[in-house]
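Visitor: my questions concern the predicted model and sequence given below.
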Amino acid sequence: MIKPLFILGVFLINGIVCPPPMRQQAEQAQAHDNSTPQPGAQTQEGAPVEIEKNEHDGRHPSYQFAYTKYLEEVVKILETDPKFNERLKNMNEEDIKAGKIADHIDDLPQEVFDKLHRAKFEEIERLRKQIEEQIKADGGAHNVQMPDHLDVQELEKFHKEDLRKLIQKTVADMNKMDDQRKEDFKQYEMKKQAEEDHKLAQMSPEEREKAKREHEEAEKRHNDHEKLKHPGSKDQLQEVWEETDHLEKDQYDPKTFFALHDLNGDGFWNDFELESLFQLELEKMYNETNPDDDMKERAEEMYRMREHVMKQIDVNQDRMISMQEFLNDADSQNANPPKQEEAWEDLGQKKVYTDEELQKFEKEYAAQQGWGEHAYDPQQVASEQLHPQAAQQPPQQQVHPAQPIQPVNAHAPPPLPVHNAQPPVQQQQPPQQNLPPVHHEPIQDHTKDPTYGI
């Protein structure tokens, strides 16, 4: 496979390269969490859609979109033309990422274009059926979005604008999925903290202090590990050279090292190949048999390391590291060696959310769980546990449970007495307001009802 063209099908690597060690456990841990709020998957091409993660196959949760099959087919067809591939070899990768590669498809043989036309036609048919189903489900076309991974202005044939749109859409959706992954992990961490705070609030002071001590001891055990080497540093890579490749440290050669870890031999390091370099560092912090270690955090730590090294070495930002980019970074590190090895700040030392974000989340989560307004306040929870009826019944009902208060109308005549304090004979007397004012008895002489004061 010609390596520049491979940028088009970066996600296809996931089916070729085996996952690095311990990856399956991390991915399984992520797959088990279904309670974190997730954005609704869109049926149109307006947002990326991840495939269901199979917790048994151990594969990386690859970048999958509604148009993945179409993308795979286009890449496969373009790979069949040697002349097109030859042009790509001398093309700047950043231009390929921007879609400028599309300007070079006019000279493709007719048989290649015929295949591309058929691929586009099949994708249009898929979209047509999908839109029909959505209109039927929604009762109208108000939620239909126009696809932007192909050119809808020209439906009869595949041309350069189709390829340009396909590349740009794929790169944009991959970035969106990374952003969503980070947001999902933040929600997961805040949920863990909210449940822990609520659990502590339900305990007695003695139990709460004991639980806090146990939690602090667990965190201390987790953070008590060997100092982590900075991902992508010469020291970190040399450790892989020694411990994983079983080669002598003084024989470290960047070019050989790159080739050893270019598992599919395409001349680039992809996400899988890069993440495999961090397993030694991750094993210093996380052990799947240790209850103090969270495998979801292990997976996120691996992603953070990969993104950090990509930002450091991937100059053209094509989401892959070429051998030349790697050698340039190695030369830069040799020319400017750090005076002191920079330590890596792991998730145990860094919160992924702010106090304000947690406070807002806990309030919403407590309402969602039906925990009440004081779900995290130990004193209020203790008070409600001691006086459950006082917390549930209004004061009026506690004083006179048999006589609920009726609404008062200021313009209505006073209610009839409900007690026997007033003689029955008075109930047969004509209404007081019909007697001449000079003859009726004063109101203060009447017996007053103790409930209403009338």
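Guide: All right, it came through fine.

Visitor: where does the protein have low pLDDT?
Guide: Counting by pLDDT under 70, the ranges of the chain that qualify are 1-62, 89-90, 92-93, 97, 381-454.

Visitor: state which helix of it is the longest.
Guide: If you go by DSSP state H, the chain has its longest helix at helix 160-201.

Visitor: for it, packing partners?
Guide: On a contact count with 3 or more CB pairs under 8 Å, 6 or more residues apart in numbering; DSSP states H and E, helix 160-201 meets helix 68-78, helix 93-97, helix 205-223, helix 295-313, helix 355-369, helix 378-386. Using the backbone N, CA and C atoms, a C-beta is placed for each residue, glycine as well.

Visitor: at 7 Å what do you get?
Guide: Where contact means 3 or more CB pairs under 7 Å, 6 or more residues apart in numbering; DSSP states H and E, helix 160-201 is packed against helix 68-78, helix 295-313, helix 355-369.

Visitor: I'd like those helices as TSV, with mean neighbour count appended.
Guide: What follows is these, written out as TSV (neighbours: other CB atoms under 10 Å):
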stretch	mean neighbour count
helix 68-78	19
helix 295-313	20
helix 355-369	14
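
Visitor: now those helices as CSV including distance to residue 171?
Guide: Formatted as CSV, the helices and strands packed on helix 160-201 follow (distance: least, CB to CB, whole Å):
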stretch, distance to residue 171
helix 68-78, 11
helix 295-313, 13
helix 355-369, 29
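
Visitor: out of the ones you listed, flag the one nearest residue 263.
Guide: helix 295-313 (15.0 Å; CB to CB).

Visitor: could you pull up the residues touching residue 301?
Guide: Contacts here follow CB atoms under 7 Å, 6 or more residues apart in numbering; on that basis residue 301 touches 282, 346-347.

Visitor: tabulate those residues (TSV), appending distance to residue 216, neighbour count and secondary structure.
Guide: What follows is the contacts of residue 301, written out as TSV (distance: CB to CB, whole Å; neighbours: other CB atoms under 10 Å; DSSP: H, G, I helix; E, B strand; the rest coil):
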residue	distance to residue 216	neighbour count	secondary structure
282	23	22	helix
346	18	20	coil
347	17	16	helix
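
Visitor: dump the residues you listed to JSON lines, plus distance to residue 311.
Guide: Converted to JSON lines, these look like this (distance: CB to CB, whole Å):
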{"residue": "282", "distance to residue 311": "19"}
{"residue": "346", "distance to residue 311": "17"}
{"residue": "347", "distance to residue 311": "18"}
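
Visitor: would you list every one of the strands in the stretch 301-450 of the chain?
Guide: 321-322 (DSSP state E, counting those that start in this stretch).

Visitor: my read: residue 81 touches residue 111, true?
Guide: No. The criterion here is CB atoms under 7 Å, and residue 81 misses it with residue 111 at 9.3 Å.

Visitor: which one of those two is surrounded by more residues?
Guide: Counted by other CB atoms under 10 Å, residue 81 and residue 111 do not tie: residue 81 has more neighbours, with 17 against 10.

Visitor: SS state for the closest residue in space to that one that isn't next to it in sequence?
Guide: Here the nearest residue to residue 81 in space, its sequence neighbours aside, is residue 112; by CB to CB, 6 or more residues apart in numbering that works out to 5.2 Å. Put simply, residue 112 is helix when judged by DSSP: H, G, I helix; E, B strand; the rest coil.

Visitor: quick one, what contacts residue 112?
Guide: By CB under 7 Å, 6+ apart, the neighbours of residue 112 are 77, 80-81.

Visitor: how near is residue 357 to residue 130?
Guide: 36 Å (CB to CB, to the nearest Å).

Visitor: count of residues packed around residue 234?
Guide: Per other CB under 10 Å, the neighbour tally for residue 234 reads 19.

Visitor: please apply the same query to the one 10 residues further on.
Guide: The number of residues packed around residue 244, counting by other CB under 10 Å, is 15.

Visitor: please apply the same query to residue 125.
Guide: Residue 125 has 10 neighbouring residues, counting by other CB under 10 Å.

Visitor: what angle separates the host helix or strand of it from helix 160-201?
Guide: When elements are assigned from DSSP states H and E, residue 125 belongs to helix 110-138. Angle, helix 110-138 to helix 160-201, by axes from the mean of the first three to the mean of the last three CA atoms, to 10 degrees: 40 degrees.

Visitor: the closest residue to residue 166 other than its chain neighbours in helix, strand or coil?
Guide: Distances taken as CB to CB, 6+ apart place residue 149 nearest to residue 166, at 5.3 Å, with adjacent residues excluded. Look at residue 149: counting by three-state DSSP, its state is coil.

Visitor: would you verify that residue 144 is located in a strand?
Guide: No. Residue 144: not assigned to a strand; according to three-state DSSP it is coil.

Visitor: phi and psi next, for it.
Guide: phi -70, psi 130 (degrees, to the nearest 10).

Visitor: that one - how many residues pack around it?
Guide: Residue 144: 16 surrounding residues under other CB under 10 Å.

Visitor: how close does the nearest residue to residue 135 once chain neighbours are set aside sit to residue 233?
Guide: Spatially, and ignoring its direct neighbours in sequence, residue 135 is nearest to residue 141 (5.2 Å; CB to CB, 6+ apart). Separation of residue 141 from residue 233 (CB to CB): 54 Å.

Visitor: for residue 129, same thing?
Guide: Distance from residue 129 to residue 233, by CB to CB: 51 Å.

Visitor: more neighbours: these two, which one.
Guide: residue 233 (18 against 10).

Visitor: separation between the more buried one and residue 132?
Guide: For residue 233 relative to residue 132 (CB to CB), the value is 54 Å.

Visitor: distance of residue 242 from residue 272?
Guide: 22 Å.

Visitor: more neighbours: which of those two?
Guide: Taking neighbours as other CB under 10 Å, residue 242 and residue 272 compare with residue 272 leading, 21 against 15.

Visitor: can you classify that one by secondary structure?
Guide: Per three-state DSSP, residue 272 ends up helix.
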